[in-house]
Each structure stands twice: as structure tokens, then as C-alpha cells.
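Chemist: Below: sequence and its predicted model.
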Number of protein chains: 2
Amino acid sequence: MSEIVNVAVDAMGGDNAPDEVVKGAVEAVCEDKRVKVFLVGREDVIRKTLKDYTYDADRLEVVHAPEVIETGEPPVKAILTKKDSSLVKCMNMVKEGSCDALVSAGSTGAVLVGGQVIVGRIKGVERPPLAPIIPNVKGVSLLLDCGANVDAKPSQLLQFAKMGSIYMESVIGVKNPRVGLVNIGVEEEKGNALTKETYPLLKNCPEINFIGNVEARDIPLGGADVLVCEAFSGNIVLKMLEGVSSALIGRIKAGMMGSLRSKIGALLVKPALKSTLKDFSTEEYGGAPLLGLNGLVVKTHGSSKAIEIKHSILQCIAFKEQDISRKIREQIVLED
Amino acid sequence: MSEIVNVAVDAMGGDNAPDEVVKGAVEAVCEDKRVKVFLVGREDVIRKTLKDYTYDADRLEVVHAPEVIETGEPPVKAILTKKDSSLVKCMNMVKEGSCDALVSAGSTGAVLVGGQVIVGRIKGVERPPLAPIIPNVKGVSLLLDCGANVDAKPSQLLQFAKMGSIYMESVIGVKNPRVGLVNIGVEEEKGNALTKETYPLLKNCPEINFIGNVEARDIPLGGADVLVCEAFSGNIVLKMLEGVSSALIGRIKAGMMGSLRSKIGALLVKPALKSTLKDFSTEEYGGAPLLGLNGLVVKTHGSSKAIEIKHSILQCIAFKEQDISRKIREQIVLED
């Protein structure tokens, strides 16, 4: 039998903290016996919320942390000065090895900085990419990098491709994942200076299944399993995906309310529409792992509801059982 | 009364040429008396298609061009060697002044190269941006640059902002258009080297109404009227918009076919859905102007149907009547 996976959860992070975070943690613990959650934050507040639920108390502990890092705070300063914040405590639990992973819906900047400064990079990893799992019509893809550090180098994009492949295969379960370089055309010579230099590196890397350039139009169609790009482009891809989906859905819903005929129709299609939109929501697939660290750091949407928190926690099980950190270490060290 | 606007139309360009191109040209001529179209391409083929329509023959001429530039051809070579191609003929008609504008659904590369090499840039314009009109929930925005030349300079982005503002105000009719810099965060200090250098240039430019950075998420919500970015990012924005829309719509339609209940509902909501999707289709708004040239060059989708060709032709009327080339010339020369 596999051993318990210990996950520190930032109970104070995100727009819906602590209620939805606590709820998601309870649901994760109830759904899978392999996981133990440490809810980190203001103990009185967390305990008060926990009262509403029944769960296996052996696998859900509360760890007191009096301070909270707010969304607007400068990340570096917050990480360095708020030692008693829920996020920094979570980071330290991973660093010290009492937890295998942490999940936070808090400030992206603080999670990125804390991951690098406290949890620390695996030796040889140049830049840890933030890698959200995004839906497409066939399933999901891993998009990396979507972090705060832009203007990446070709060697960093090569590492993203390797780490992304490992995660996609071992955690998400996609065999021999297809790696695509996000570009403005499919031909090898297309793109900007960065993609032109990166293309041959990916093409000549034996550890990955590189399928060439992928145009943004093919991303929602499932054109690749692992989408490699620097963070500026990754951010545009991710936010366009979210923005177009929500704009279009809002428009469709409003359009259906325009006449009695379509109102009746809307009632009839509602369940089908709901399930379709659920499949295409970025919130259904757990948070974004920050890869290449000495432990797993998962950033979920600031607006996370319980379901995303739950998925993010459960994602940590495969991460540990599949020993992703060792696999990344081996591949990155191999190349040096 | 305003004088006639002469538009050269590449009858052989695009996936649906010549049928849809000819149809669109006829519709444009029938819809607006201010326009005269020159259908350029293989005369026999065009005349055969034209037989099916009635129109004012004084305002629709056929110009014979025996050669065709295919989509896959290297653009520079095609433009330089195929002097008798429909596209090169159109370009020359604009250059020589017998036409005010040209519309082509042919090879993007060839249109971009031909625009610069044959029609020529307005003095002082560093790079002519390709500027598609994209839908958002409130109306439309102009996205520039989406051309083939990536890695633009800050000074070029400033020119994009000025030319885009002129086009949006004078052709599309948006008063004092809000200019946004496409970026990964709204704060001034966010972004990559290019956006950080461009921000102060836009902020200090008195001719435009700069509203700051715009995140990709806000683009479909109508966050700005003129969206400024370099072409790699612009391409991702445009293709994500198209890709997510088509993926989501396909998914919704398939979802509705899943049960008898939703099939009946689908029938009832169909008209409302159709009109909503029409509003959100990139094909409803005419093609993308290539700005900053000595005449108007409009590139429409390769898959253009008659409606897009028609809109693209009609777009040329305001371009001429509002004397956009003069306005651009004045603003660009002013700064030198």
C-alpha cells in the first residue's frame, strides 16, 4: 500500500477563503483515504467553519498561522516579512518535508516567489514554470509557462517541455504526451527569435515527443498535450481562453432570454449546456503546478470554489506516488 | 456628393474564389452606389460566374489577370515574379491611383509583402500593421499588429496606436477610441521589456486616448477599442478568439444533441443562438486593413464567404471619404 500524501492547504488564500477552501479540503479527505490535509491559517476561523462538516479527524489537522498575505501586497516583501502567514507556513512545511505538497488560492506573485525562495528549485532547473491544466475539446493540455517571469530563454523552454511531459504522463495519465511549441505558424521557420531558437532544441530532444509548432487556433481543439511557450504568451493563451469562454457563454445566455420561444428552449437545453460548459471550465481540473521545485506547489484560481481546491489536493497524490520530483531531477541532471 | 470609391478585388484569392468573391463584389455594388469594383483575375472564369447576377455594369468591371498566387508559395518570390497575377495587378492599380483600395482573401504573406513592396509605405511609417476588427460583447475592437513581422519596437507600437486610433474613429465610427496595451497585468510596471518601454510612450502621446494595460481576459469583454501589441501576441489573441469560439460552439451544439429533451430545446433556441453567434463571428466585420500604406489594402480571411468580401469592400468607402491616408501622414510626419 502507498503511504499517506501530506498536503498543506493555505486556508486563508483566495477570494472565497476560508469557507470554500475548508469545504474543498474536507471533500478531498472524504474522497480519498491516501491524503492527509493540514489546513493552515487562523485556527479559530478554520475550526468554526469545520464545525459544519464530518470527516476523518486523523487526516485533517489545523495548523495555526495568524498572518495573511493579501492579494495586493508586493510578493517578495510579503514572503520575506510575513513569517507567520498561512502561505509562508505552508511553504516551510513542504521545505522541511513534513508535507509533500501545498495548495494555495492566494496571491500568484507570492506563491511564485515563495516557491522559489522557500521551497527551492531542483538543482539544474533554470526557471520553475507555472503550468495550468487547460481544457480542450478532446480532454486537457498542460500550458507552460504562465508564471510572472517573462522573456524566457530557449534552454528554459526546453526544460519546460521536459518537465511538462513528465507531469502530463505521470500525473494526468496521458501516455507519450505530444509536445507543441506555441507559435504563429506551423512551419519550422515561423515565429520570433525565441521560437526559432527553441524549435531545434525541442526537435533534437530524445526524451520528449515533439510534434512541432502549434498555432493558437488549435489549442482549444487539443492540438497538443503539452503546450510550450514563454510566460507572456502563456498568459495571453490562458486569459483569452477564460475571457472568450465567459464572454461567449454570457452572450448565449442573454441571447436565449430574448424571446418566449427561446426561453422555453433554454429551459430544455439547460442541463446539456451546463454539463458541456463544465467540461470546458478551467476550474474543473485542479490548480496549476509550479514545476521544478523540491516538492509540489499548486496554485489555484483566486476565485476557487471547493471543487477546484478538492481537485488540486487530489492531484498531489499522483505527484507523490509517481515520484515526479525524482523524475524531473533525473532528466534535468542528465542534460548537464 | 462624394465621388466614387474604386476598389480592386482579387477575384482569385481565398478558398472560395472566385464564386464567393464575385458574389460579395456584386452584393457590395448593389448595396452602395458610392462604390465601383474591379474584379481582377481570369476573365473567362469571372464572367461565367457573373452571368448568374444582375448588377449595375457601370460599377463592376472585369480586369484580366492570367496568373494566380497560391497560398503555399513563398510570398516575396511570388510578388516579384508573378507580375500577371490577380493580386499583383490589384496592388499596381492602387499604386498607380486607378483604385483607392484593394481587397484580397489570398495568401496573407503575399498581401503583406505586396502592400509594402508595391503599394508602398507612407513616409515615416516604420512598419504597416495588419489590423483585424474583432468582435467583443459590446461591439468591436481593432487589434494591431497581427502581421507577419514579429518582435516590434516600442516606437512601432506607438505608431500602431496612432494609426489604429485614426482608423477606429474615422472608419468604424468610435469617438475618441480607448487605446489599450495588451499586457499580462494592468499595473504600469507589468510585462516584458517591450511593453515596459512602450507604456510611457503611449502614456505621453497627446494624440491618443490611452487607458493603460489591458489583460487578454478583458479583450472579449471590450476592455479597449484599439488593442496595441506586437504581431506574435496579436496572432495569439486573434487565433485564440477564433479557436475558443469554434471549439465552444461545436461543443455546445454536440451537447444539445445528447438527449431528446435538449434536441427539442435546441430547435427552439436555434434562431437566438444563431444571431448571437453571428454577432461574435470575426467574419461579420470585414477584413483586416494593412495600415500606413499609400492606399488601403484589406486582407480578408482565406475562408471568406461573400458577406465578408462585401463588408470589406464597403469598408473602403469610409476609408476614402474620411481621407485616412492623409490623417495618418499628418500624424506620423508631425512626430518626426
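Modeler: Arrived safely, thanks for sending. The shown structure was predicted, so the numbers you read here are calculated from the model rather than taken from an experiment.

Chemist: can you give me the offset of stretch A:212-231 from its chain's centre?
Modeler: Taking CA atoms, centre = their mean, to the nearest Å, the mean C-alpha location of stretch A:212-231 is offset from the chain mean by 17 Å.

Chemist: okay, it in PDB with CA atoms only?
Modeler: Output for stretch A:212-231, consisting of C-alpha atoms alone and laid out as PDB, is shown next (Å, rounded to 0.1, in the frame of the first residue of the first chain):
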ATOM      1  CA  GLY A 212       6.300  20.800 -34.000                       C
ATOM      2  CA  ASN A 213       4.700  24.200 -33.800                       C
ATOM      3  CA  VAL A 214       1.100  24.600 -32.700                       C
ATOM      4  CA  GLU A 215      -1.000  27.700 -33.700                       C
ATOM      5  CA  ALA A 216      -3.200  29.200 -31.000                       C
ATOM      6  CA  ARG A 217      -6.300  28.300 -33.000                       C
ATOM      7  CA  ASP A 218      -5.500  24.600 -32.500                       C
ATOM      8  CA  ILE A 219      -5.000  24.900 -28.700                       C
ATOM      9  CA  PRO A 220      -8.800  24.600 -27.900                       C
ATOM     10  CA  LEU A 221      -9.000  21.800 -30.400                       C
ATOM     11  CA  GLY A 222      -6.500  19.700 -28.500                       C
ATOM     12  CA  GLY A 223      -3.600  20.300 -30.900                       C
ATOM     13  CA  ALA A 224      -1.000  19.200 -28.300                       C
ATOM     14  CA  ASP A 225      -0.900  17.800 -24.800                       C
ATOM     15  CA  VAL A 226       2.000  19.900 -23.600                       C
ATOM     16  CA  LEU A 227       2.000  23.500 -24.800                       C
ATOM     17  CA  VAL A 228       5.400  25.200 -24.500                       C
ATOM     18  CA  CYS A 229       5.700  29.000 -24.600                       C
ATOM     19  CA  GLU A 230       7.200  31.800 -22.500                       C
ATOM     20  CA  ALA A 231       5.100  33.300 -19.900                       C
END
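
Chemist: Which elements pack onto the helix or strand where A:Ile236 lies?
Modeler: In the assignment (DSSP states H and E), A:Ile236 maps to helix A:231-256. Using 3 or more CB pairs under 8 Å, 6 or more residues apart in numbering or on different chains; DSSP states H and E as the contact test, the elements touching helix A:231-256 are strand A:133-135, strand A:140-144, strand A:178-183, helix A:260-279, helix B:231-256, helix B:260-279. Quick note: C-beta positions are derived from backbone N, CA and C, even for glycine.

Chemist: contacting residues for A:Val226?
Modeler: A:Ser141, A:Leu142, A:Leu144, A:Ala161, A:Gly164, A:Ser165, A:Met168, A:Pro177, A:Arg178, A:Val179, A:Gly180, A:Ile208 (CB atoms under 8 Å, 6 or more residues apart in numbering or on different chains).

Chemist: burial of A:Lys274, as a residue count?
Modeler: A:Lys274 is flanked by 10 other residues according to other CB atoms under 10 Å in any protein chain shown.

Chemist: Run through the strands of chain A in chain order.
Modeler: If you assign secondary structure with DSSP state E, the strands in chain A sit at A:5-10, A:35-41, A:60-64, A:101-104, A:133-135, A:140-144, A:178-183, A:209-215, A:226-228, A:288-290, A:296-299.

Chemist: Report the separation between the residue at minimal distance from the centre of chain A and B:Ser275.
Modeler: Residue closest to the mean C-alpha point of chain A, counted by CA atoms, centre = their mean, is A:Ala288 at 0.6 Å. In this structure, A:Ala288 lies at 37 Å from B:Ser275, with CB to CB, to the nearest Å as the measure.

Chemist: Ok, A:Ile324 next?
Modeler: The value you get for A:Ile324 to B:Ser275, if CB to CB is used, is 48 Å.

Chemist: So for the two, which sits in the more crowded spot?
Modeler: When neighbours are counted by other CB under 10 Å, A:Ile324 and B:Ser275 differ, and A:Ile324 comes out ahead with 21 against 12.

Chemist: Let me see the contact set for the more buried one.
Modeler: If you count contacts by CB under 8 Å, 6+ apart, A:Ile324 has them with A:Ile166, A:Tyr167, A:Ser170, A:Val171, A:Leu296.

Chemist: Repeat that for A:Gly114.
Modeler: Contacts for A:Gly114 (CB under 8 Å, 6+ apart) come out as A:Pro75, A:Ile79, A:Leu87, A:Val88, A:Met91, A:Val297.

Chemist: Quick one: neighbours of the second one, just the number.
Modeler: Just to be clear, that refers to A:Ile79. Taking other CB under 10 Å as the criterion, the count of residues near A:Ile79 is 26.

Chemist: likewise the last one?
Modeler: Taking other CB under 10 Å as the criterion, the count of residues near A:Val297 is 29.

Chemist: now swap in the first one and tell me
Modeler: When neighbours are defined as other CB under 10 Å, A:Pro75 has 18 of them.
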